[in-house]
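Peer 1: pasting the sequence and the predicted model now:
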Amino acid sequence: MPVRSPDILFRSDEIILADKPAGILTTGEKGDRDTLEARIQAGFGPGVKALHRLDRETSGVVALAAGEAARRRLEPLFRRHETERVYLALVLGTFRENEGSLRNYLRTDPRTHTEQVTYNPRFGVEARLGYRVLQSAGGASLLEIRPETGRTNQIRVQLAHDGHPVIGDRKYGRGKIYPAMARRTMLHARSLALLPPGEKKKVRATSPLPDDFREALAELAMSAKGLG
């Protein structure tokens, strides 16, 4: 299935908020040159650099600096987690409470190069997120997630460890049988907001819900109403 070209959700002199499709990397690695960053550079110049990353299979809003000076100004906001990020995740199982939070310590397994939860804080880095259950049906739940930290694969690892892997996650799902078919991980970066240094007004953008996410919701008899 071909990957659509990224849409520009917001653009100023120093920042571009783009809508990354599932199926491409944010930035290049392992010789993969067809990335979101490369596609945006083709339209706006080689100085454009991604300020953070989404996984290949994750769709949604990504922020890119429009040049080196902008990158130096904006990158600290992401390092200090001074951005407002909201994700949607379709996960296995249901929840007793409509709201909750997860706090774990994550480490990289040197053998598999995947992230995992460790119970010894000395060997990991803290990962925190809050979630809210939007809908539940068919043995699955739709969550709104607000990460408080920016660890690699954080949402997928923490939810899988909690017994609620993201539907379609073949890396951390551990072979779970899902109640809906999914060709990719059902995780979507719905919105991003940040306040550039020296500015009074926040920059923000919301990504429309992708078709494959809508199809998975429909298969589970959930509604996409109000989700963009």
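Peer 2: Yep, it's here. Residues are numbered from 1 along each chain as shown.

Peer 1: can we go C-alpha only for contacts and neighbour counts from here?
Peer 2: Noted.

Peer 1: which SSE is residue 216 in?
Peer 2: Assigned by DSSP states H and E, residue 216 belongs to helix 211-219.

Peer 1: so what touches that helix?
Peer 2: With CA atoms under 8 Å, 6 or more residues apart in numbering as the test, helix 211-219 has contacts from 180-182, 186, 223-224.

Peer 1: now it: mean pLDDT?
Peer 2: For helix 211-219, mean pLDDT is 95.

Peer 1: show me how far that helix is from its chain's centre.
Peer 2: Centroid displacement of helix 211-219 relative to its chain, using CA atoms, centre = their mean, to the nearest Å, is 18 Å.

Peer 1: which strand residues bridge residue 25?
Peer 2: Here residue 25 sits in beta bridges with residue 35, as judged by DSSP bridges.

Peer 1: would TSV of the contacts of helix 211-219 with neighbour count, secondary structure and pLDDT be doable?
Peer 2: Output for those, formatted as TSV (neighbours: other CA atoms under 10 Å; DSSP: H, G, I helix; E, B strand; the rest coil; pLDDT from 0 to 100):
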residue	neighbour count	secondary structure	pLDDT
180	18	coil	79
181	14	coil	82
182	15	coil	87
186	25	coil	97
223	14	coil	94
224	14	coil	93
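
Peer 1: turn these into JSON lines, including distance to residue 215.
Peer 2: Converted to JSON lines, these look like this (distance: CA to CA, whole Å):
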{"residue": "180", "distance to residue 215": "9"}
{"residue": "181", "distance to residue 215": "9"}
{"residue": "182", "distance to residue 215": "9"}
{"residue": "186", "distance to residue 215": "11"}
{"residue": "223", "distance to residue 215": "10"}
{"residue": "224", "distance to residue 215": "9"}
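
Peer 1: buried residues, the helix holding residue 216. List them.
Peer 2: 213-217 (16 or more other CA atoms under 10 Å).

Peer 1: and the residue positioned nearest the centre of the chain, what are its bridge partners?
Peer 2: With distances taken as CA atoms, centre = their mean, residue 189 lies nearest the centre of the chain, 4.4 Å away. Judged by DSSP bridges, the bridge partners of residue 189 are residue 60, residue 87.

Peer 1: show me the contacts for it.
Peer 2: Contacts of residue 189 by CA under 8 Å, 6+ apart are 58-61, 85-88, 207.

Peer 1: show me the contact partners of the helix ranked longest in the chain.
Peer 2: Counting by DSSP state H, the longest helix found in the chain is helix 68-79. Helix 68-79 is contacted from outside by 14-15, 47-49, 51-52, 65, 83, 194, 196-197, using CA under 8 Å, 6+ apart.

Peer 1: longest strand of the chain, counting residues only.
Peer 2: Secondary structure of the chain per DSSP state E: the longest strand is strand 125-137.

Peer 1: which one is residue 44 nearest to, not counting chain neighbours?
Peer 2: For residue 44, ignoring the flanking residues on the chain, the nearest one in space by CA to CA, 6 or more residues apart in numbering is residue 66 at 7.8 Å.
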